[in-house]
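J.: I would like to see how this sequence folds:
(one chain, ligands or ions: 1)
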Amino acid sequence: MATANLPLHIASQYLLGYRRFLLNNPDQVEAIGHCPCCASSFREWRPVFGRGRKAECHICHSFERHRHLWLTIDADSGFFQPGTSLLHFAPEPFFKKAFGENPNIKYYDCDLAKERATYQVDITSIPFEDEHFDRIICSHVLEHVPDDRKGMRELRRVLKKGGIAYVMVPSQARPDTYEDPAINTPELRLKHYGQATHVRIYSRDNFVERLQESGFEVEMQLPKAKYGEDMCRDFLLGDNVYICR
Ligand SMILES: [Zn+2]
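T.: Just a heads-up that it's a prediction; the model follows:
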């Protein structure tokens, strides 16, 4: 299990939580799903947010995309070096604990909404100097940003030479990104894009092009190509990680 880079006190909390969970749910002992984030195993994933598809870890509450990203970051030896500065947009609870409570990492969690993170940051105008961060995590943010290209240029600007930005968005294998300024109400966005706060549906290839135009070298990592069918099934991994240098 890939928990070597999880601070020991957090791994212990998850282990205690997992033991308690198995005591209360003995039918879950027969393990089919394995969570690489918190090292728990169970018979069935939890429905996401208590409804919808069964994909959420019972213990650390990770989804498919979090587990894919964690495996990728866990293999990045530079990420956990002492003094690594990390800018983390829209911080997910698992990652906030894993990185924010790691003494090696200078952690900057940020969000457009000030109640959701320590730093209030508009991705199209990031209030840090050029080449400030060794690593950036920006997952499921750019699909909400009207001027996403400006946001990408800002990510590029604040990333150090030799740094890595891990970017994820919902994307499809379609020829073009679907966006239309006339689709401008929550109702229309829900109807056309599937979520009331999304402003487009990205084509995978076009998302790579936009990142490249912003100055990044981009590697599009598909979970099955990287980890194989068996690992994707056992860990239930999903979404592409766009590794930007
Ligand atoms: Zn977990």
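
J.: contacting residues around R157?
T.: By C-beta atoms under 8 Å, 6 or more residues apart in numbering, the contact set of R157 is I126, D130, E131. For every residue, glycine as well, the C-beta is placed using N, CA and C.

J.: Now do the end-to-end distance for stretch 71-88.
T.: With C-alpha to C-alpha, to the nearest Å as the measure, stretch 71-88 spans 17 Å from end to end.

J.: Work out the gap between it and the centre of the chain.
T.: How far stretch 71-88 lies from its chain's middle: 14 Å, per C-alpha atoms, centre = their mean, to the nearest Å.

J.: Show the average pLDDT along that stretch.
T.: Stretch 71-88 shows a mean pLDDT of 96.

J.: List of residues touching that stretch?
T.: In contact with stretch 71-88 (C-beta under 8 Å, 6+ apart) are residues 2, 4-5, 36, 95-96, 99, 102, 104-110, 126, 128, 132-137, 158, 164, 166, 221, 226-227, 235, 237, 241, 243.

J.: Need the distance between the two termini of stretch 134-144.
T.: With C-alpha to C-alpha applied, stretch 134-144 spans 24 Å between its terminal residues.

J.: same question, stretch 75-94
T.: 17 Å.

J.: How about stretch 53-61?
T.: Per C-alpha to C-alpha, the first residue of stretch 53-61 is 13 Å away from its last.

J.: Give me the contacts around that stretch.
T.: In contact with stretch 53-61 (C-beta under 8 Å, 6+ apart) are residues 14, 17-18, 21, 25, 28, 35, 37-38, 40, 42, 44-49, 62-64, 67, 93-94, 236, 238.

J.: So which bits of stretch 174-191 are buried?
T.: Residues of stretch 174-191 classed as buried by neighbour count (16 or more other C-beta atoms under 10 Å): T177, E179, I183, R189.
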